[in-house]
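J.: Fold the following.
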Amino acid sequence: MAPRGKRQKLTSLSDIYKFFRHNQTPIYFLSPTPYNLLGLGRWINKFEYINFFDSFDATHPKITVPREHGPHEFRSIEDVNNYLLRHKEVRARIAERGKGHLILVMLDEETEKLAKELGLKIALPPVKLRKHIDSKIVTTQLGNEAGIKSAPNILGKAKSYAELMKLAMKAKLGKDLVVQTPYGDSGRTTFFIKSEADWKKNEDKLVAEQLKVMRRINHLPGTVEAIATRHGTLVGPLQTDITGFAEVTPYKGGWCGNDVFVGGLDKERRAVTRMAQKLGDRLYKAGYKGAFCMDFLIDTDTREVYLGEINPRVSGASPLTNLITSTYGGCPIYLFHMLEFMDVDWELDLAQVQKRWTEYDNWSQLIIKYPVDRVEMITKAPASGIWQMNDNGEISLVRKSIDWFLVSGENEAFYLRVYTAGDYRYHGADMGILVSRGRMQTDDRKLKDRAKQWISALYKHFDAIPLEGSSAPTPPPMDSVNKMF
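T.: A predicted model of the protein is given here:
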């Protein structure tokens with residue numbers, strides 16, 4: 001029996017379940033929507049979401065959305081989060097429930113300051129460390145130190161196309177190059193250069209930066225989410241990226257979802273898992289703990305697996321990761337993230353836990369952005385919940401649901417609404433998220449007909465009024481609308 005006042009060490013999954021079921025420390029997930037950690041409240045007592053968008057029309061028992069919204073201009077997720085932390089209704093809710101832990105997808109130094117004011121402990125590594133690791137240059141260096149291969153590359157600076165080619169020749173990369181700058185969404189900071197004209201077009205973004213210069217390869221992109229802990233690194237299911245489809249996003253190469261599927265890629269799956277475990281262990285030594293997302297590339301010519309990027313945060317891969325690990329492994333991987341930030345001693349055989357997540361069914365998610373270049377005010381929007389498609393490709397809301405766990409077949413999908421009646425939709429606006437059993441993308445990276453049917457059917461449930469001239473609001477800057485989750 002543990003001494004009075006001393007918490008017993010957790011040594012089994014049953015201990016961990018009990019610990020979180022009886023948790024009395026308030027835990028807040030603060031973000032524009034509940035999407036990234038939706039469903040985690042099933043597992044953790046005293047867990048609550050604080051959001052800007054009311055995706056559930058005030059019916060979700062664990063979501064707080066402040067009612068009063070004054071004029072504002074958000075340029076990033078950090079701006080939204082800081083607005084929420086300053087909001088009087090949010091502050092009143094935190095005062096009512098009590099101090100505790102705060103989780104966010106994106107944060108900055110202002111977020112850390114506001115959390116400290118409110119007596120909240122951010123259950124994430126510090127902003128300074130996250131920024132350091134977020135650099136694509138640092139990612140490559142950490143990977144090298146952990147013995148993980150990146151696509152053939154060289155690091156350096158170039159003030160001209162001639163200097164770039166000199167770097168490339170030194171590493172025998174050829175003339176068809178992929179060049180990345182250290183920070184930012186890869187869709188905005190990755191440049192494809194195979195001529196001096198390509199260099200000239202992007203020169204102003206490249207000359208002052210440290211560069212990662214890579215050989216261009218034919219590849220399959222994907223991601224895994226992992227948790228770096230004191231006892232090792234746990235790795236979630238392999239997800240392939242869904243990118244650039246005009247039906248879902250107006251951005252060429254823009255991320256618009258993921259597939260989690262069984263069958264095939266057995267050798268590559270094992271390589272990706274080992275890679276993420278090595279990387280997580282190296283991150284932990286560098287002072288980083290908890291959730292991170294590792295992007296990878298599979299060379300489709302050689303089947304070699306390469307490290308892509310590190311996203312040191314809760315991410316867009318988190319929903320499917322937690323869904324798979326909890327539905328098929330009986331334990332959402334994110335519980336181990338929380339254990340690293342809570343006052344508790346624990347130790348398990350993580351190899352045995354990892355084995356629980358090896359068998360599952362196919363699942364997918366689509367991030368639906370408005371692809372049309374016009375501004376409209378929405379007058380009707382589909383509700384969040386489980387929708388069903390009939391043989392004619394028509395959909396209807398069959399049951400209200402607060403998350404995606406009850407989707408029962410490929411003819412059903414959970415829709416999480418973002419923008420609703422009274423909001424404006426514009427080029428690139430995040431309209432909602434669709435989570436479904438089955439795949440939305442083919443093996444050769446084509447959008448499946450069922451995906452196109454779902455997207456088309458959902459848009460038929462929107463009504464909107466076109467706005468023109470002075471009555472049309474100014475859309476947010478492009479960088480902000482591309483990353484709302």
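
J.: Could you use CA atoms for every contact and neighbour count after this?
T.: Fine.

J.: Let me know whether residue 317 touches residue 293 as I believe.
T.: Yes: here residue 317 reaches residue 293: they are 7.4 Å apart, a contact under CA atoms under 8 Å.

J.: and residue 339, helix, strand or coil?
T.: Assigned state for residue 339: helix (three-state reduction, DSSP: H, G, I helix; E, B strand; the rest coil).

J.: how far away is it from residue 132?
T.: In this view, residue 339 and residue 132 are 24 Å apart by CA to CA, to the nearest Å.

J.: the more surrounded of the two?
T.: residue 339 (20 against 15; other CA atoms under 10 Å).

J.: Name all residues that make contact with that one.
T.: Counting by CA atoms under 8 Å, 6 or more residues apart in numbering, residue 339 touches residue 346.

J.: Okay, and residue 256 sits in which element?
T.: In this assignment (DSSP states H and E), residue 256 forms part of strand 255-260.

J.: CA atoms only: put that strand into CSV for me.
T.: Taking C-alpha atoms only, strand 255-260 is exported to CSV below (Å, rounded to 0.1, in the frame of the first residue of the first chain):
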residue,chain,number,x,y,z
TRP,A,255,-2.5,19.4,-47.4
CYS,A,256,-6.2,18.3,-47.4
GLY,A,257,-6.3,15.1,-45.4
ASN,A,258,-4.9,11.6,-44.6
ASP,A,259,-5.5,7.9,-45.2
VAL,A,260,-4.8,5.3,-42.6
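
J.: Secondary structure element for residue 192, which one?
T.: Using DSSP H and E, residue 192 maps to strand 190-193.

J.: Tell me the pLDDT of residue 434.
T.: Predicted confidence (pLDDT) for residue 434: 97.

J.: end-to-end on stretch 101-109?
T.: 17 Å.

J.: contact partners of that stretch?
T.: 25-31, 36, 77-78, 81, 115, 120-124, 127, 313-315, 485.

J.: go again using 6 Å as the cut-off
T.: The contact list for stretch 101-109, computed with CA atoms under 6 Å, 6 or more residues apart in numbering, reads 27-30, 78, 120-123, 127, 314.

J.: Kindly report the same for stretch 299-314.
T.: Contact with stretch 299-314 is made by 105, 130, 149-151, 218-219, 291-298, as judged by CA under 6 Å, 6+ apart.

J.: for that stretch, the distance to its chain's centre please.
T.: How far stretch 299-314 lies from its chain's middle: 16 Å, per CA atoms, centre = their mean, to the nearest Å.

J.: Could you pull out the buried residues of it?
T.: Burial within stretch 299-314, assessed by neighbour count using 16 or more other CA atoms under 10 Å, is assigned to 299, 305-314.

J.: Show me which of these is closest to residue 413.
T.: Using CA to CA, residue 314 is the member of the buried residues of stretch 299-314 that lies nearest residue 413, at 23.1 Å.

J.: Remind me which helix or strand the closest one belongs to.
T.: According to DSSP H and E, residue 314 maps onto no helix or strand at all.

J.: ok, back up a step: so how far is the helix or strand following the strand holding residue 256 from its chain's centroid?
T.: Of the helices and strands lying after strand 255-260 in sequence (DSSP H and E), the nearest is helix 266-285. On the basis of CA atoms, centre = their mean, helix 266-285 sits 18 Å off its chain's mean C-alpha point.

J.: likewise stretch 354-374?
T.: Here the centre of stretch 354-374 is set off from its chain's centre by 10 Å, with CA atoms, centre = their mean.

J.: what comes into contact with it?
T.: 248-250, 256-261, 325, 328-329, 426-439.

J.: In the stretch 301-450 of the chain, what residue spans correspond to strands?
T.: 305-311, 363-369, 376-380, 385-389, 395-399, 412-417, 424-425, 430-437 (DSSP state E, counting those that start in this stretch).

J.: Now that we have the ones you listed, can you turn them into a markdown table and tack on distance to residue 40?
T.: Listed next are these as a markdown table, based on distance: least, CA to CA, whole Å:
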| stretch | distance to residue 40 |
| --- | --- |
| strand 305-311 | 21 |
| strand 363-369 | 17 |
| strand 376-380 | 29 |
| strand 385-389 | 17 |
| strand 395-399 | 20 |
| strand 412-417 | 15 |
| strand 424-425 | 29 |
| strand 430-437 | 16 |
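
J.: looking at the ones you listed, which is closest to residue 465?
T.: Nearest of the strands of the stretch 301-450 of the chain to residue 465, taken as CA to CA: strand 376-380 at 5.2 Å.

J.: picking up where we left off before, point out the most buried one among the strands of the stretch 301-450 of the chain.
T.: Counting by mean count of other CA atoms under 10 Å, strand 412-417 has the highest mean neighbour count of the strands of the stretch 301-450 of the chain, with a mean of 26.

J.: who's in contact with that one?
T.: Identification of contacts with strand 412-417 by CA under 6 Å, 6+ apart yields 55, 384-388, 404, 432-436.

J.: Sheet-wise, list the partners of that strand with their directions.
T.: Strand 412-417 pairs in its sheet with strand 385-389 (antiparallel), strand 430-437 (antiparallel), by DSSP bridges.

J.: Please dump the ones you listed into JSON lines; it should also carry distance to residue 286 for every row.
T.: Listed next are the strands paired with strand 412-417 as JSON lines, based on distance: least, CA to CA, whole Å:
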{"stretch": "strand 385-389", "distance to residue 286": "41"}
{"stretch": "strand 430-437", "distance to residue 286": "34"}
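
J.: Would you tell me which of these gets closest to residue 378?
T.: With CA to CA as the measure, strand 430-437 is the member of the strands paired with strand 412-417 nearest residue 378 (10.6 Å).

J.: pLDDT wise, what is residue 69 at?
T.: Among the per-residue scores, residue 69 holds a pLDDT of 74.

J.: Under a three-state scheme, what state does it occupy?
T.: Following three-state DSSP, residue 69 is assigned to coil.

J.: separation between it and residue 439?
T.: Counting by CA to CA, the gap from residue 69 to residue 439 is 38 Å.

J.: who has more neighbours, the two?
T.: Comparing residue 69 with residue 439 by other CA under 10 Å, the one with more neighbours is residue 439, at 21 against 10.

J.: what's the spacing between that one and residue 266?
T.: In terms of CA to CA, residue 439 sits 18 Å off from residue 266.

J.: Which stretches in the stretch 1-150 of the chain count as strands?
T.: For the stretch 1-150 of the chain, the strands defined by DSSP E, counting those that start in this stretch cover 27-31, 47-51, 63-64, 101-103, 121-122.

J.: Quick one: list the elements packing against the third one.
T.: What that stands for is strand 63-64. With contacts defined as 3 or more CA pairs under 6 Å, 6 or more residues apart in numbering; DSSP states H and E, the packing partners of strand 63-64 are strand 47-51.

J.: how about a cut-off of 10 Å?
T.: In this structure, strand 63-64 packs against strand 27-31, strand 47-51, helix 88-97, with contacts taken as 3 or more CA pairs under 10 Å, 6 or more residues apart in numbering; DSSP states H and E.

J.: With adjacent residues omitted, what lies nearest to residue 112?
T.: Closest residue to residue 112 apart from its sequence neighbours, by CA to CA, 6 or more residues apart in numbering: residue 122 at 7.5 Å.

J.: tally of neighbours for that neighbour?
T.: Neighbourhood size, residue 122 [other CA under 10 Å]: 20.

J.: Quick one: residues contacting it.
T.: Residues in contact with residue 122 (CA atoms under 10 Å, 6 or more residues apart in numbering) are 27-28, 100-104, 107, 111-112, 115-116, 341.

J.: Out of these, which is nearest to residue 93?
T.: residue 28 (10.6 Å).

J.: can you tell me which residues contact the closest one?
T.: Residue 28 touches 46-50, 62-64, 94, 99-104, 120, 122-123, counting by CA under 10 Å, 6+ apart.
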